[in-house]
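Participant: Compute the structure for the input listed below.
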Amino acid sequence: MAANLNHASMKTILSFITIVTTALSSCAQNSSTIETSNNKNTAMENTSTSATKNETLSSAANDTATFANGCFWCTEAIFEGLEGVISATSGYTGGKTENPTYKQVCAGETGHAEALQIVYDPKKISFDELLEVFWETHDPTTLNRQGADVGTQYRSGIFYHNEEQKQKAEKYKAALDKSGAFDKPIVTEVTAFTKFFPAEDYHQQYFENNENANPYCQIVIRPKVDKFRKVFKDKLKKQQ
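Facilitator: Here you go, the predicted model:
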């Protein structure tokens, strides 16, 4: 787990606290119940399709970051709250299967990780700042695991889109290991981005649409989001 450091020093050397609490139940364990309930859930009607989401937000003025840091129900809610982030799409990357389903990914059959495709305005938020949030909002020292979620699909990873992103990711990973911010070595993979497959519609904006319907949101996601907003209150969108 992360060493206890104040926020000022974290900004200086990117030495971080880990704000992830141990999940009381895993996303995969709840998948069958959730998929059934979502057939009746109006969240699907309120959520735009992933394709539309990506098309609407694509722009030459925007940049893209792709991160894997645990269950995307939790991480999407975190990154979408940042000023300058235009969208955070839940999906799958880093594997071998084309157009994988959630069931296939959860079974560990595809090699994909649950991930976020983040479209952001670099004039409002930098890749460095996104990396800071990435490192602070999960445990990058647990191999193929985040809390109760276990499997290669929950591995920690940065999938870089260009050489600059690669260099920054590797630099900060090395600096964190050297600083002793975590008592164990960081196992985050830094890998070239290949393809991203948006997850099924009901996964998109999951916390927003299911906060009061699924106990997992209140028990696991809400505490993480609250801690994130406390630590990064100066980086939040105005309506947060």
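Participant: what about stretch 137-148, average pLDDT?
Facilitator: Computed over stretch 137-148, the mean pLDDT rounds to 95.
Participant: list the buried ones in it?
Facilitator: T137, H138, D139, P140, T141, T142, R145, Q146, G147, A148 (16 or more other Cβ atoms under 10 Å). Where you see a C-beta, it was placed from the backbone N, CA and C, and this is true even at glycine.
Participant: So which of those residues is the closest to N99?
Facilitator: The shortest approach to N99 among those belongs to Q146, at 24.5 Å (Cβ to Cβ).
Participant: mind listing what the closest residue to the closest one other than its chain neighbours touches?
Facilitator: Leaving out its chain neighbours, the residue that sits closest to Q146 by Cβ to Cβ, 6 or more residues apart in numbering is G70, at 3.5 Å. Contact analysis of G70 by Cβ atoms under 8 Å, 6 or more residues apart in numbering lists V20, E114, H138, Q146, G147, D149, Y154, S156.
Participant: Now, those that are in strands?
Facilitator: The strands, defined by DSSP state E, take in E114, Q146, D149, S156 from the contacts of G70.
Participant: how near is the second one to A213?
Facilitator: Q146 sits 23 Å away from A213 when distances are taken as Cβ to Cβ, to the nearest Å.
Participant: if we can go back for a sec, will you turn the buried residues of stretch 137-148 into TSV that also has distance to L130?
Facilitator: Listed next are the buried residues of stretch 137-148 as TSV, based on distance: Cβ to Cβ, whole Å:
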residue	distance to L130
T137	11
H138	13
D139	18
P140	14
T141	20
T142	21
R145	23
Q146	18
G147	22
A148	26
